[in-house]
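K.L.:
quick one, what's the 3D model for this:
(chains A, B, C and D)
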Number of protein chains: 2
Amino acid sequence: MATIQDVARTAGVSTATVSRVLSAPDRVSATTRGRVEAAVASLGYTPNLAAKTLRTLRTHKILVTVPDISNPFFSQVIRGVEEAASGAGYAVLLGDTRHEAAREAQYAAMLQRREADGLIFLGHRLPEPLAPMVAEMGARAPIVNGCEYSPGLGVSSAHIDNAAAAIAAMEHLYGLGHSRIGVITGPLASPISRDRLNGVELAATRRDIVRDLAIVTGDFSIETGARKAGELLDRPDRPTALFCFSDETAMGALDAIRRRGLSCPEDVSVVGFDDIRFAGYLDPPLTTIRQPTAQIGHEVVRLLLEVLSGGSALTRHVTLPHSLVVRASTASPRGPAT
Amino acid sequence: MATIQDVARTAGVSTATVSRVLSAPDRVSATTRGRVEAAVASLGYTPNLAAKTLRTLRTHKILVTVPDISNPFFSQVIRGVEEAASGAGYAVLLGDTRHEAAREAQYAAMLQRREADGLIFLGHRLPEPLAPMVAEMGARAPIVNGCEYSPGLGVSSAHIDNAAAAIAAMEHLYGLGHSRIGVITGPLASPISRDRLNGVELAATRRDIVRDLAIVTGDFSIETGARKAGELLDRPDRPTALFCFSDETAMGALDAIRRRGLSCPEDVSVVGFDDIRFAGYLDPPLTTIRQPTAQIGHEVVRLLLEVLSGGSALTRHVTLPHSLVVRASTASPRGPAT
DNA sequence: TCGCCTGATGTAATCGTTTACATGGCTAGC
DNA sequence: GCTAGCCATGTAAACGATTACATCAGGCGA
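P.N.:
Now for the predicted structure:
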């Protein structure tokens, strides 16, 4: 590995000049610059990142933590993050926290040790040990929240308008003639679950049929989706439609419907949330809310880089567009409402 | 951030002694060690990784590249990798290559610049620029291949026995009474596709019905799965079963079957490959080959750490156990063979 | 009693950058 | 023709660890 010393020697200049050519080319005369650049090229010189980091405190890495990387929604967001980060010259450090506070803390420590320039966390929990940092630095803390959004956290974020998305889903069902609707939420500790739930209730209130809502709490998983959907389907006043707060939950719901010998959408309509890559290939293809995963990934990186470049001192909450994707899992209910 | 100097001052020793307490405690007397440890604790000292890296050439990071992180099979393997790596004190740098040689090269350069101690690549392509490194260092090159396996590559790997797995799938179908079987492979550039194909042909040869095989080349994706399955289903001598080299391909196949008004498994049985987390929740639940994704992730990290610790000078190919998971997408064909 | 060995610790060079400050040559203004 | 100021460049001190080598004290054998 050629060092900056080698380049300096080859070009017949000092290391300071080489460094300047690389980071502030206009502070060096054209002829010298030419010689240095030639030396760099001929030696295949590339700066040692560890030395650079030691000196500048910049690692050129961003840490991304996620509750479960094998969840397709998150992995799609991560993909966008990786793309934006590598495009901006940053490497991505991946942390799978498995919803465990201990692992979150472990990665938080990496940030505190400055082993990464910033942290993007997907999911709703700001790792505990980071709270003082946010309190102290405010919007200058290099921490950004993706997908979720809690104003109280004090960090910037990128996400969709979850309440509006939920309203869109409900309106779609109401529009088809459903009134008795089952809702399987995510964990209520998560603000996006609460936002969606607010949307659900708002939509029902507008139509004055809040009491026709059957709301149960899930956790975004397939298994819980299946179980909770089962409970709803077994009620005497069975809902004619289910709105699930994730596509995985919806997959579980579809499974529960089939197991009971019912069919979707004839007996029960199902709406999911996320539009993961398989949503269109389920049976029936799933009506769902599309989240712009790649765009969320890009945006969250942009927000972080903005903080890192010392930009705005304000926390920003970027709302990205969602859309309702209507497929075959929703239809008008048969019977009275048809 | 406290530095080693601060600790040394607080404990009244030299930095050398502090360093020794941290990395070779038995070279320091018990009393001194005690004082140093107390100082470390009271200052909350934690070594600066950049400085350490600069001096030792060890980054404590491993680079993991993957053709598509949003592919659930890969993301499950990554999860295992992350778990094993963080357990061993390594951080994971994630590279999504998107099957693009340019991105592979970009990440290969990171390894060459020693920004990571080693590389784990999932997928079949050793990034081009790394070939010289492998040629030169042989088994000491800190590069390991996950999921795939090509002996010619010269690097260690962890994977299942793909030929045996394919044989198991075929035997399952033959055992049910199928003889006309359609096969949708992955890209043939990939050794695992070729291995699986060999298994398919071997199984057919044993039963002397190679000519009943209908083999088409896919690429593991849903869309291609749907298209290729469509082609097979539209043949005059329609296969009674399809063996798909990935679960996503199988999802596409199920879709194609439904679109033609056929049903699975009554008209056509389907076998997938991977057992991704949704496989059991498709309609019908998918019979498939389970790959031990977490275990592959762990193993591949173990292999890499072995190289990094200067262990064995031999490339090793670790075969992990697969299993056939029989669900509802396969049944005996109706008609003559029933 | 003396010298040697051993074990504990310190000194200081080193890893490869960046950057504050010093230097020296030139130009421009008077 | 002289000086102030600027521009291009060099010098050298950090950044925070590790480690080869030096030093020193004490114990032990002859």
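K.L.:
next SSE downstream of the helix or strand that contains residue A:102?
P.N.:
Using DSSP states H and E, residue A:102 maps to helix A:101-112. Going down the chain from helix A:101-112, the next helix or strand is strand A:118-122, by DSSP H and E.
K.L.:
please work out the average pLDDT along stretch A:312-331.
P.N.:
For stretch A:312-331, mean pLDDT is 94.
K.L.:
next one: stretch A:206-221
P.N.:
96.
K.L.:
can I get it as CSV, trimmed to CA atoms?
P.N.:
C-alpha atoms of stretch A:206-221 as CSV (Å, rounded to 0.1, in the frame of the first residue of the first chain):
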residue,chain,number,x,y,z
ARG,A,206,-66.6,10.3,10.1
ARG,A,207,-69.1,7.6,9.1
ASP,A,208,-70.4,7.4,12.6
ILE,A,209,-69.7,3.6,12.8
VAL,A,210,-67.0,3.4,15.4
ARG,A,211,-68.8,0.8,17.2
ASP,A,212,-68.6,-1.5,14.2
LEU,A,213,-64.9,-1.6,14.5
ALA,A,214,-63.3,-4.7,16.0
ILE,A,215,-59.8,-3.8,17.0
VAL,A,216,-57.2,-6.3,18.2
THR,A,217,-53.5,-5.7,18.9
GLY,A,218,-50.9,-7.6,16.9
ASP,A,219,-47.2,-7.3,16.5
PHE,A,220,-46.7,-7.2,12.7
SER,A,221,-45.8,-10.9,12.5
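K.L.:
any chance you could list what contacts it?
P.N.:
A:71, A:174, A:179-188, A:197, A:200-201, A:204, A:224-225, A:228, A:231-232, A:235, A:237, A:239, A:244-246, A:248-249, A:252 (C-beta atoms under 8 Å, 6 or more residues apart in numbering or on different chains). The C-beta positions use only the backbone N, C-alpha and C, and glycine is treated the same way.
K.L.:
restrict the residues you listed to contacts with chain B.
P.N.:
Of the residues in those, proximity to chain B by C-beta under 8 Å from any C-beta of the partner chain holds for A:71, A:248, A:252.
K.L.:
I figured the last one hits residue A:229, correct?
P.N.:
Yes: with contacts counted by C-beta atoms under 8 Å, residue A:252 reaches residue A:229, the gap being 6.1 Å.
K.L.:
any part of the helix or strand of chain A with the lowest mean pLDDT near chain B?
P.N.:
Sorted by mean pLDDT, DSSP states H and E, the helices and strands of chain A end with helix A:131-137, the least confident at a mean of 91. No: judged by C-beta under 8 Å from any C-beta, helix A:131-137 and chain B are separated, with a smallest distance of 13.1 Å.
K.L.:
circling back to that earlier point, neighbour-wise, which of residue A:252 and residue A:229 wins?
P.N.:
The neighbour count for residue A:252 versus residue A:229, taken as other C-beta atoms under 10 Å in any protein chain shown, is higher for residue A:229 (30 against 26).
K.L.:
quick one: contacts of whichever strand or helix holds the more buried one?
P.N.:
Per DSSP H and E: residue A:229 is located in helix A:222-233. Outside helix A:222-233, the residues within contact range by C-beta under 8 Å, 6+ apart are A:182, A:184, A:214, A:216-218, A:238-239, A:242, A:244, A:246, A:248-253, A:255-257, A:259-260, A:262, A:268, B:277-278, B:281.
K.L.:
so what touches the helix or strand just after it?
P.N.:
Downstream of helix A:222-233, the next assigned helix or strand under DSSP H and E is strand A:241-244. Contact with strand A:241-244 is made by A:166, A:169-170, A:173, A:176, A:178, A:180-184, A:200, A:218, A:225, A:229, A:232, A:250, A:252-253, A:268-273, A:330, A:333, as judged by C-beta under 8 Å, 6+ apart.
K.L.:
distance of the residue of chain A positioned farthest from its centre relative to residue A:25?
P.N.:
Largest separation from the mean C-alpha position in chain A: residue A:12, at 49.9 Å (C-alpha atoms, centre = their mean). Counting by C-beta to C-beta, to the nearest Å, the gap from residue A:12 to residue A:25 is 18 Å.
K.L.:
residue A:325 too?
P.N.:
On the measure of C-beta to C-beta, residue A:325 and residue A:25 end up 49 Å apart.
K.L.:
show me what from chain A comes close to DNA strand D.
P.N.:
A:12-17, A:20, A:27-29, A:31-33, A:51, A:54-55 (C-beta under 7 Å from any atom of the strand).
K.L.:
which pair of those residues spans the longest distance?
P.N.:
A:31 and A:54 (31.7 Å; C-beta to C-beta).
K.L.:
pull out the buried residues from stretch A:319-338.
P.N.:
A:320, A:322, A:324, A:325, A:327, A:329, A:330, A:331, A:332, A:333 (16 or more other C-beta atoms under 10 Å in any protein chain shown).
K.L.:
great, nothing more from me.
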